[in-house]
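K.L.:
sequence unknown, structure follows:
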């Protein structure tokens, strides 16, 4: 009986934790885009979302489905932030045509520490700061993970007239509906895998 109650609790957590993660991220990103004051609740929301993702690893479930669901939730984490930003930009963003006058390639080294028995892993992230000459003079640069255009080339850039969001390529804004669809798919798949993992751990005919 106690085992059944434990399984039921795990199932509730398996379903609600990813939904809460996506909800907190959506609210925090919307608050940031709206210039919510004071700013600490917005920052606290991102911290809570991060803790929810870390906590998702601790679910009592079969490791295979749980591991896959954690990867999907990482995609949901990043995707929700991007989708929320592109949604705001779709509603109030202004599009301008820009010429790229310079590109500054920059790198950042990120070190991730595991448990005491694991050596830290180091990854290098590359991003590009584009200097722009735009029809809208308030847009002077944009940072992205790839080239928006080569030097001398033109690109359509969306910017937030309220100044709460940084400029983004027009193509990213236009992909809002597609990105949102795949975030929903990943979120649903993560929940399903977590439920499968819990049920598999509870009833394993080979044990």
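P.N.:
Thanks, I have the structure now. These numbers were taken from a predicted model, which means no experiment stands behind them.

K.L.:
just the mean pLDDT for the lengthiest helix in the chain, thanks.
P.N.:
Assignment by DSSP state H gives helix 2-33 as the longest helix of the chain. Averaging pLDDT along helix 2-33 gives 72.

K.L.:
part of a helix, is residue 166?
P.N.:
No: counting by DSSP: H, G, I helix; E, B strand; the rest coil, residue 166 falls outside a helix, being coil.

K.L.:
all numbers from here: first residue = 39
P.N.:
Understood, numbering begins at 39; the last thing we discussed is residue 204.

K.L.:
list the helices and strands the longest helix of the chain packs on?
P.N.:
In this structure, helix 40-71 makes packing contacts with helix 78-94, helix 101-130, helix 214-240, judged by 3 or more CB pairs under 8 Å, 6 or more residues apart in numbering; DSSP states H and E. Every residue, glycine included, has its C-beta placed from N, CA and C.

K.L.:
between the ones you listed, which one is closest to residue 178.
P.N.:
helix 101-130 (17.8 Å; CB to CB).

K.L.:
buried residues in the closest one, which are they?
P.N.:
Within helix 101-130, the residues scored as buried using 16 or more other CB atoms under 10 Å are 103-104, 106-108, 110-111, 113-115, 117-127.

K.L.:
contacting residues around the very next helix or strand once past it?
P.N.:
Using DSSP states H and E, the helix or strand that directly follows helix 101-130 along the chain is strand 132-150. By CB atoms under 8 Å, 6 or more residues apart in numbering, the residues outside strand 132-150 that reach it are 158-174, 177, 180, 185-199, 208.

K.L.:
let's go with 6 Å and repeat that
P.N.:
158-174, 177, 187, 189, 191-197, 199, 208 (CB atoms under 6 Å, 6 or more residues apart in numbering).

K.L.:
which members of those residues occur in strands, if any?
P.N.:
Taking DSSP state E, the ones among these that sit in strands are 159-172, 192-197.

K.L.:
just to revisit the earlier point, now the contacts of strand 132-150: which count as buried?
P.N.:
Among the contacts of strand 132-150, those classed as buried by 16+ other CB under 10 Å are 166, 168, 170, 172, 174, 177, 187, 193-197, 208.

K.L.:
reformat the residues you listed as a markdown table; add distance to residue 69 and pLDDT.
P.N.:
As requested, the buried ones among the contacts of strand 132-150 are arranged in a markdown table below (distance: CB to CB, whole Å; pLDDT from 0 to 100):
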| residue | distance to residue 69 | pLDDT |
| --- | --- | --- |
| 166 | 29 | 92 |
| 168 | 28 | 94 |
| 170 | 28 | 95 |
| 172 | 28 | 95 |
| 174 | 26 | 93 |
| 177 | 24 | 93 |
| 187 | 32 | 91 |
| 193 | 29 | 94 |
| 194 | 28 | 95 |
| 195 | 24 | 95 |
| 196 | 20 | 95 |
| 197 | 20 | 94 |
| 208 | 25 | 93 |
